[in-house]
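In: sequence and computational prediction follow.
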Amino acid sequence: MAPVPGSRVGRRRGLMDRAEMDRTELLEAFAGFPARLAVAIDTVAGVPVASGEWGPAENVRHLIAVEGEIWQARLALVAVEDGPRWTWVEPGLEPGFEGASVDEIVAAFGEVRAETVATIRALDDAGWARSGTHATYGVLDVAGLLRVAVDHDRDHIQGIVRAG
């Protein structure tokens with residue numbers, strides 16, 4: 001698995017900033033990311049990518065992999081296991097998008113994110129309270145997972161803009 005440029009940079013920064021976000025705000029931030037991602041990508045269209053950095057297509061392919069391997073997988077585990085344990089995982093690029101346009105990849109990401117959002121919207125209070133333990137972040141309930149996801153999303157938008 002290829003290392004993610006800038007991995008772990010700022011991962012803990014911002015978690016406390018979002019500690020006061022309520023469920024609605026967290027879910028809106030998480031659900032609205034594909035639209036913000038598309039805007040960020042549009043701002044760097046045609047700008048060469050800095051050497052050693054991922055371009056927009058690679059970032060979005062990584063985000064698709066993260067959605068399935070991290071967010072969807074962890075939500076599924078927390079729903080059926082009491083206190084699952086998670087290690088640090090750094091997914092590479094989602095396969096199958098070679099030759100696809102950035103717009104096609106962003107659309108695919110939007111579909112996968114919508115699936116995750118639907119899963120979260122279906123949770124009742126007990127579902128939101130379920131938790132697991134991450135090797136780096138400690139105990140995370142669903143809101144905690146979303147805070148980490150929102151921070152990860154933000155880091156990738158910043159990376160796309162910086163790389164361009």
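Out: Received the coordinates, thanks.

In: residue boundaries of the helices in the chain?
Out: 23-31, 33-43, 56-66, 73-80, 102-121, 125-129, 142-163 (DSSP state H).

In: can you give me the mean pLDDT across the shortest one?
Out: Pointing back at helix 125-129 there. Helix 125-129 shows a mean pLDDT of 96.

In: and the first one, by the same measure?
Out: Along helix 23-31, the predicted local confidence has a mean pLDDT of 95.

In: skipping adjacent residues, who's closest to Arg121 in space?
Out: In space, and not counting its chain neighbours, Arg121 is closest to Leu27: 7.1 Å by CB to CB, 6 or more residues apart in numbering. Every C-beta, even on glycine, is put in place using the N, C-alpha and C of the backbone.

In: now Gly132
Out: Distances taken as CB to CB, 6+ apart put Pro84 closest to Gly132, at 4.1 Å, once the chain neighbours are dropped.

In: with Tyr137 instead?
Out: Excluding the flanking residues, the one nearest Tyr137 by CB to CB, 6+ apart is Val148, at 6.1 Å.

In: give me the pLDDT value at that neighbour.
Out: Listed pLDDT for Val148 reads 96.

In: and Glu98, how close does it get to Ile157?
Out: Per CB to CB, to the nearest Å, Glu98 is found 24 Å from Ile157.

In: report the contact partners of the closest residue to Gly68 other than its chain neighbours.
Out: Among residues not flanking Gly68 along the chain, Val112 sits closest, at 6.6 Å (CB to CB, 6+ apart). Neighbouring residues of Val112 by CB atoms under 8 Å, 6 or more residues apart in numbering: 64, 67-68, 72.

In: just the buried residues of the residues you listed.
Out: 64, 67, 72 (16 or more other CB atoms under 10 Å).

In: adding pLDDT and distance to Asp124, write those out as CSV.
Out: Below are the buried ones among the contacts of Val112 laid out as CSV (pLDDT from 0 to 100; distance: CB to CB, whole Å):
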residue, pLDDT, distance to Asp124
Ile64, 98, 28
Glu67, 98, 23
Gln72, 98, 19
